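>>> Structure of the sequence below:
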Amino acid sequence: MESVLKKVQELALLHDKIDPKIVKEKNIKLGLRNEDGSGVFVGITSKGQVIGYEKIIAGDGFEKLNPIPGKLYYCGYDVADLVKGKEEDERFGFEETIYLLLTGELPEEKYLRSFSKELGKRRALHQEAKEIILNRPMHDDQMGSLHTIVSAMHLFDKNPNSTDLMDVTRQCIDLIAKFPTIIAYNYQKKLMKKNDCKKLIEPDPDLSTAENFLYMLSGKVPDRFTAELFDTMLIFHAEHGGGNNSTFATRCVSSSGANTYMAICAGIGSLSGHLHGGANEAVVKMISDIKRKVKDWEDDEEVKSYLEKLLDKKAGDKSGKIYGLGHAVYTLSDPRAVFLEVRGEELARMYGKEEEFSLYKKIAKIAPRLVNDKKGKVVCTNVDFYSGFVYQCMGIPKELFTPIFAMARVSGWSAHRIEEIIQGRIIRPSYFSSLKGMKSYMPLIKR
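Reported below is the predicted structural model:
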């Protein structure tokens, strides 16, 4: 087997490497990106809009990207205003965000109340679904478990393959409601020494999504500050435009006519990748490494020196990355990170972690300048830079960081799935052949 694997790998490396000359000559948009780093337009959406730069005509007549403070909009509404509005009303806002993404409009109070009640009613899992969770082989892959159970949910749907809008909407709302329960149960299964359905905490339909999930993890209803901040985290992660990898994957699969469960599983599969959903875990590991290696956390020069080693692939995981820094769209700032820096400081004071959070802020100040000096790129800290710290203060284990991302983003995936079905055209881009010409077949005996 080893020799077969080695031969396949050698041939794949030989034939699959990309010739940079061909990429430039044919103007191929690798990663669906333009030469200036901006995304290629491949569709139209009314859901999320991410703004981090503006295009201007420079003095030489060429179009350039001008960095600006980041903005995130859901269906035309500034997410900062959504969060501000729910905070001023002293209420939870994730349910309102879900409704907005699915419908394109903010709900009246009576509709929000009935929609939230419907979500609460749909949280519980069938007994058979619980047994699937409890009887799966023991492992630590929480995203793999989420994928397995969401895929299995079609077993409990009388019409799973329907692409009728009424059925798809029902399925999406059902999955949005059940994701927190599935994620909580998958984690509880990991902690069990012996399978016992009675140890699985039943969801409380009268609690908000944020309160209910934290309750299902610990068995205790969380304090108001923690629950409201977690609610905001869910709002921040709910949507990020049609071009982010997991949403695009969901739209691609949806466009083929696949059922809702397969389409949402595509989003989960994409999000499981370390380049998309695992960044906040990587930040936590990086910070732990910095805390060990940097003796004086208050010394700017010592911190800077270590960050330079990270960029030069001489420290950390040798990837050359400062995790939590940079974004595909945001340049000067990520609005979610701006908010979390303020809330993170409050949490740090509450939990006696001021010194650690000061280190976070110092890195956030030094690292962008360092990257700009070394690579000439304008970058900022992104939401992942602070989210891991926030979750840790809440007592949430790092294995759940990415599943929680999915728990929020399934609302965005669902909104885009519905939009894709309404628009109704299969996604099918083209690939340029790297072959020099056609080949003549040679009989096996002569090879």
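>>> Please name the nearest non-neighbouring residue to Val329.
Of all residues not flanking Val329 in the chain, Gly52 sits nearest, at 4.2 Å (CB to CB, 6 or more residues apart in numbering). C-beta: built from backbone N, CA, C; applies to glycine.
>>> who touches the helix or strand that contains the one you found?
Counting by DSSP states H and E, the element that carries Gly52 is strand 48-57. Residues outside strand 48-57 that contact it (CB atoms under 8 Å, 6 or more residues apart in numbering) are 38, 63-68, 70-74, 76, 101, 239-243, 327, 329-332, 334, 412.
>>> The helix ranked longest in the chain - contacts with which helices or strands?
When the chain is parsed with DSSP state H, its longest helix is helix 165-191. Helix 165-191 sits against helix 94-103, helix 109-121, helix 127-135, helix 142-152, helix 209-218, helix 260-271, helix 401-423, with contacts defined as 3 or more CB pairs under 8 Å, 6 or more residues apart in numbering; DSSP states H and E.
>>> Apply 7 Å and report the result again.
If you count contacts as 3 or more CB pairs under 7 Å, 6 or more residues apart in numbering; DSSP states H and E, helix 165-191 packs onto helix 109-121, helix 127-135, helix 142-152, helix 209-218, helix 260-271, helix 401-423.
>>> Of all those, which one comes closest to Pro180?
Closest to Pro180 of those is helix 209-218 (CB to CB; 4.2 Å).
>>> Tell me the first helix or strand C-terminal of the closest one.
helix 224-237.
>>> Give me the distance from that following helix to the chain's centre.
16 Å (CA atoms, centre = their mean, to the nearest Å).
>>> Identify the residues contacting it?
The contact list for helix 224-237 (CB atoms under 7 Å, 6 or more residues apart in numbering) reads 79, 82-83, 92-94, 97, 208-211, 214, 336, 343, 383, 387, 390, 394, 405, 408-409.
>>> Stretch 340-358 now?
229, 297, 383, 386-387, 389-390, 393.
>>> Specify which member of the residues you listed is nearest to Ile22.
Of all the contacts of stretch 340-358, the one sitting nearest Ile22 is Val383; the distance, using CB to CB, is 36.2 Å.
>>> Next, the contact list for the closest one, please.
Applying CB under 7 Å, 6+ apart, we find Val383 in contact with 236, 334, 336-337, 340.
>>> rerun at 8 Å
Counting by CB under 8 Å, 6+ apart, Val383 makes contact with 236-237, 334, 336-337, 340.
>>> what helix or strand does Tyr73 sit in?
In this assignment (DSSP H and E), Tyr73 forms part of strand 63-74.
>>> before we move on, the earlier item: please work out the average pLDDT along the strand holding Gly52.
Per-residue pLDDT over strand 48-57 has a mean of 90.
>>> Strand partners (parallel or antiparallel) of it?
strand 63-74 (antiparallel) (DSSP bridges).
>>> how far off helix 224-237 does the strand it pairs with point, in degrees?
The directions of strand 63-74 and helix 224-237 differ by 130 degrees, with axes from the mean of the first three to the mean of the last three CA atoms, to 10 degrees as the criterion.
>>> Give me the buried positions along strand 63-74.
65, 67, 70-74 (16 or more other CB atoms under 10 Å).
>>> out of those residues, who's nearest Phe432?
Distance to Phe432 across those (CB to CB) is lowest for Leu65, with 25.5 Å.
>>> Pull up the gap between that closest one and Val383, please.
Going from Leu65 to Val383 by CB to CB, to the nearest Å gives 21 Å.
>>> Quick one: residues in contact with stretch 141-161.
126, 128-129, 132-133, 136, 139, 167, 171, 174-175, 178-179, 182-183, 186-187, 189-190, 259-262, 264-265, 268-269, 271-272, 277, 399-400, 402-403, 406.
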